[in-house]
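Trainee: Dropping a prediction and its sequence here:
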Amino acid sequence: MELFVNRPRRKIQTARSYQAATESLTVSRNETIYLKVGFMADNTTTLDDPNTAPAITNVRLTCKNSTSDQGYDENPLVDYMSFTRTLVGSEYFMIGSVPFTSGGLDKLLGIDDSSAYEVTAVQCVADSSGSLRAKSFRVPTGAATWDRVWFQVGGTGSAPTAATGETLKMAVISANATATQVATSLVTLYSGSVVFTVTSVGDTATFTDLSQGARGNPAALDSTFILSTVTAGKTAFAVTDVASVDLNAWLSYYEGGVLQVLPMFTITVENNGIRPGTPSAIYGGGSRTQTTTIGNGDSTVAVTFATAFPHASYKVASCEVVNTTDGSPLGISVQTITARATTGFTVALSCATDSANYTLDSTALIS
């Protein structure tokens, strides 16, 4: 994929010739795009060498949610800064492999191809003479509920007013606490919690939800912390997903040591996961692989899925009896599927087992 920068006009283009229209690109969720960025003067199709003065350095692609209430100030969903000057034929591009993979993108698309626990990273800042006193951020506990964590510093500070859906939680820190100490205070706050498991490494606390399902968005509020969704909470086949989502994107770079930020353009991220009404699109949660213990003397086996399918029109792709423990196990085969439901199926065996060391390995695919 190629982008061209008209340096005098500070304009992003998808072709070498000047284009006045706003540009847009389309990518798929979980796709890594090989992006080539060329820089050129106006009224020419010849690329400049980024090393030629004034040199081009620190090229950066940033993408944020275009529909968020926070807008430009929201934490980025894509923030790529590893472009390298590369010779292609006789011309130089700035080239990078940009991943469109994040829990934040899954959240925007409402991906429902599997069940997952929400994981939120909170990068903290240090307190400076009480600068965090009464400051707060919030992490989602449900689709429209949050824990709003606020800080009491040195034993003082007043709680903020909780908005609709918020539950206030007070973290205690000392004046001039380091960012690492602030993160540790969040671990202490949620010790024994039935909502989150919270761990910390350095200045970052990680909140792992103890229940699966879709969650709202985290927010830094007035804390100046950086919050990001590491893993989007999901419920398999909850039918919450959307076909695509538009992101605000922009390129920035330094030219001769001066920061240049180009106008925004649109990157559309398409949902390539399971879509409601199209269960034949097998992706991620479209399969169920199980190992089921068979009791001694049993001639039937009931397989129960860890997560139910949305309907019972699935195919049992493989099903075999395994016994690697007994010296001379019976040669038992699977004969007939005698029952099928969204939660599992039952099979009849060719004969009864003669020990409790047999298992049934099976894989079912949604169809």
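Mentor: Nice, thanks for sending it over.

Trainee: ok, which stretches of the stretch 1-150 of the chain are strands?
Mentor: Taking DSSP state E, counting those that start in this stretch as the test, the strands found in the stretch 1-150 of the chain are 2-6, 11-13, 24-28, 32-40, 56-65, 78-80, 84-88, 91-99, 117-123, 136-140, 146-153.

Trainee: same question, the stretch 251-367 of the chain
Mentor: In the stretch 251-367 of the chain, the strands defined using DSSP E, counting those that start in this stretch lie at 258-261, 265-270, 287-294, 300-304, 314-322, 334-341, 344-349, 358-366.

Trainee: Quick one: these as TSV, columns for mean neighbour count too.
Mentor: For the C-beta atoms, the positions are set from N, CA and C on the backbone; glycine is no exception. Output for the strands of the stretch 251-367 of the chain, formatted as TSV (neighbours: other Cβ atoms under 10 Å):
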stretch	mean neighbour count
strand 258-261	12
strand 265-270	18
strand 287-294	16
strand 300-304	17
strand 314-322	15
strand 334-341	13
strand 344-349	19
strand 358-366	19
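
Trainee: Redo those strands as JSON lines? Include mean pLDDT and distance to Phe83.
Mentor: JSON lines is the format used below for those (pLDDT from 0 to 100; distance: least, Cβ to Cβ, whole Å):
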{"stretch": "strand 258-261", "mean pLDDT": "94", "distance to Phe83": "14"}
{"stretch": "strand 265-270", "mean pLDDT": "88", "distance to Phe83": "16"}
{"stretch": "strand 287-294", "mean pLDDT": "87", "distance to Phe83": "37"}
{"stretch": "strand 300-304", "mean pLDDT": "94", "distance to Phe83": "50"}
{"stretch": "strand 314-322", "mean pLDDT": "87", "distance to Phe83": "43"}
{"stretch": "strand 334-341", "mean pLDDT": "90", "distance to Phe83": "52"}
{"stretch": "strand 344-349", "mean pLDDT": "94", "distance to Phe83": "50"}
{"stretch": "strand 358-366", "mean pLDDT": "87", "distance to Phe83": "40"}
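
Trainee: Can I get the ones you listed in JSON lines including distance to Met81?
Mentor: JSON lines is the format used below for these (distance: least, Cβ to Cβ, whole Å):
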{"stretch": "strand 258-261", "distance to Met81": "13"}
{"stretch": "strand 265-270", "distance to Met81": "17"}
{"stretch": "strand 287-294", "distance to Met81": "36"}
{"stretch": "strand 300-304", "distance to Met81": "47"}
{"stretch": "strand 314-322", "distance to Met81": "43"}
{"stretch": "strand 334-341", "distance to Met81": "50"}
{"stretch": "strand 344-349", "distance to Met81": "48"}
{"stretch": "strand 358-366", "distance to Met81": "39"}
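
Trainee: and of those, who's closest to Leu227?
Mentor: Nearest of those to Leu227, taken as Cβ to Cβ: strand 265-270 at 20.4 Å.

Trainee: Which other helices and strands does the closest one contact?
Mentor: The elements that strand 265-270 packs onto, with contact taken as 3 or more Cβ pairs under 8 Å, 6 or more residues apart in numbering; DSSP states H and E, are strand 24-28, helix 103-109, strand 244-255.

Trainee: Pull out the buried residues from the longest one.
Mentor: For strand 244-255, the neighbour count (16 or more other Cβ atoms under 10 Å) marks 245-251, 253, 255 as buried.

Trainee: Nearest to Phe305, out of these: which one, please.
Mentor: Val245 (30.0 Å).

Trainee: What is the neighbour count of the spatially closest residue to the closest one that is not a sequence neighbour?
Mentor: In space, Val245 comes closest to Leu108 once its chain neighbours are excluded; the distance is 4.5 Å by Cβ to Cβ, 6 or more residues apart in numbering. When neighbours are counted by other Cβ atoms under 10 Å, Leu108 registers 26.

Trainee: likewise Phe137?
Mentor: A count of nearby residues for Phe137, using other Cβ under 10 Å, gives 24.

Trainee: I'd like the distance between the nearest residue to it once chain neighbours are set aside and Asp361.
Mentor: Spatial nearest neighbour of Phe137, excluding adjacent residues (Cβ to Cβ, 6+ apart): Ser223 at 4.3 Å. Using Cβ to Cβ, to the nearest Å, Ser223 is found at 49 Å from Asp361.

Trainee: again with Val303
Mentor: Counting by Cβ to Cβ - Val303 and Asp361 are separated by 10 Å.

Trainee: what residues do these two have in common as contacts?
Mentor: Gln290 (Cβ atoms under 8 Å, 6 or more residues apart in numbering).

Trainee: Low-confidence regions, the stretch 151-300 of the chain specifically.
Mentor: 236-240, 273-286 (pLDDT under 70).
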